[in-house]
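K.L.:
Have a look; sequence and predicted model below, questions after that.
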Amino acid sequence: MSTRQVSTTCLKLGVATVIALCLPTPANAQQDTTRVKQPGLTVTTDTAIVQDTTQVQEAHPQDSPGTRGFVIITGDRKASLRIRGSLRVNGAYDLRGLQNQDNFNTFQIPVGNANIADPRFFMSANQTRLGLEMLTDTKLGDVFVKVETDFRAAGQTGDDVMRLRHAFGTLGNFLVGQTWSVFGDVASLPNTVDLDGPNSSVAVRTLQVRYAIKGSDMWQFAVSAESPSPQIATEDSAQFDQVFQATPDIAGRVRRLGPYGHTQLAVVLRTINVKDTAGDLQVLPGWGALFSGDISLGNRTQLLFQLVGGKGISRFITALDGQGLDVVFNPNSTSFETLGAAGGFVAFGYGWRENVLSY
């Protein structure tokens, strides 16, 4: 009985649209399709790890299929380890010379005198990923652990170095670790050549403690306390203490599943603290709301959307993250203010064939 799963080989080409070419598994490949059932645990070597849990499963459109990888099952059949990986090479020729080589960020488009045509060509393999997934049956229930990395963290010499994407564990309804924020909805993102997707999209990974439940087959609920990362913009001559938070971000969402897709409403509440040069403390409230979903139109067509708005939430929005736009210093009032942000997108997807898609 073989416990190794034979995966398909996929090549993704970044052209005008995303084209995924997948080679089928060889017909003579041997697979063990026997289901092994234990209390609270279901493992198959053809569909790999399946969790019996109320956790909301989240898969980014850029993720490899959940059934891929090599699976090792323990002798007592109560635990399994999946080894996953994907080699990703991408390149582009930019006519105007954007500085960022990994994504298209409208915030970084040069304006004024800096807007000079300076074409650039680049190739990179830093989106290559490695990951481990472990599932085991315990007296308290199923324990699932996932660790995933890529190579998009820049080193001191400019070389690509390993970066932590996911590192979390689940037990029953609880999740602890780093993964997608509850204030987000990666299931409503289109599959784009740009790794980060639409500029206004909400898809950020953060450390958190989450509790998720299923109200029924159609309703899912989740609430989390998440590690804050407030961002501030100041004048070069201004000197302020580092912006911080004394409380975690509190996020919650309600998701409704249906035969034609899903819709979701999510909210986040923040309290951002910052001190001025005199040592005076300001506590600024921040909040955000997200409405999102995907609708299947049949015949391999799909409609996806996100609408987001709030104050002090720039770190959650793709194009604004890292730009210091949660809080700004107003020299006229000599006080800090949270900035408002709003955005949205609508995407239409069509499958020309099973493995050829356009968005």
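P.N.:
Okay, I see it.
K.L.:
going forward, measure contacts and count neighbours with C-alpha atoms only.
P.N.:
OK.
K.L.:
any weak-confidence spans in the protein?
P.N.:
Within the chain, the segments meeting pLDDT under 70 span 1-57, 97-103, 154-159, 234-243, 277.
K.L.:
Check it for its longest strand and report it.
P.N.:
Scanning the chain for the strand with the most residues, using DSSP state E, yields strand 281-298.
K.L.:
The next helix or strand after that strand pairs with which strands, and in what direction?
P.N.:
Using DSSP states H and E, the helix or strand that directly follows strand 281-298 along the chain is strand 301-311. Sheet pairing for strand 301-311, assigned by DSSP bridges, gives strand 281-298 (antiparallel), strand 340-353 (antiparallel).
K.L.:
would you turn the ones you listed into TSV with distance to G261 and mean neighbour count?
P.N.:
Listed next are the strands paired with strand 301-311 as TSV, based on distance: least, CA to CA, whole Å; neighbours: other CA atoms under 10 Å:
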stretch	distance to G261	mean neighbour count
strand 281-298	5	18
strand 340-353	13	15
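K.L.:
what about the closest residue to L87 other than its chain neighbours, how many residues close to it?
P.N.:
Closest residue in space to L87, ignoring its immediate chain neighbours: T128 at 4.7 Å, by CA to CA, 6 or more residues apart in numbering. Residues lying near T128 (other CA atoms under 10 Å) number 17.
K.L.:
In contact with T128, which residues?
P.N.:
Neighbouring residues of T128 by CA atoms under 8 Å, 6 or more residues apart in numbering: 85-89, 150-151.
K.L.:
out of the strands paired with strand 301-311, which comes closest to G309?
P.N.:
Ranking the strands paired with strand 301-311 by distance to G309, with CA to CA as the measure, places strand 340-353 first at 4.1 Å.
K.L.:
Name the next helix or strand downstream of that closest one, please.
P.N.:
Downstream of strand 340-353, the next assigned helix or strand under DSSP H and E is strand 356-358.
K.L.:
what comes up buried for that following strand?
P.N.:
If you call a residue buried by 16 or more other CA atoms under 10 Å, then strand 356-358 has these buried ones: 357-358.
K.L.:
For that strand, name the packing helices and strands.
P.N.:
For strand 356-358, the elements it packs on are strand 18-23, strand 340-353, judged by 3 or more CA pairs under 8 Å, 6 or more residues apart in numbering; DSSP states H and E.
K.L.:
now those strands in a markdown table, with distance to A233?
P.N.:
Below are the helices and strands packed on strand 356-358 laid out as a markdown table (distance: least, CA to CA, whole Å):
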| stretch | distance to A233 |
| --- | --- |
| strand 18-23 | 36 |
| strand 340-353 | 14 |
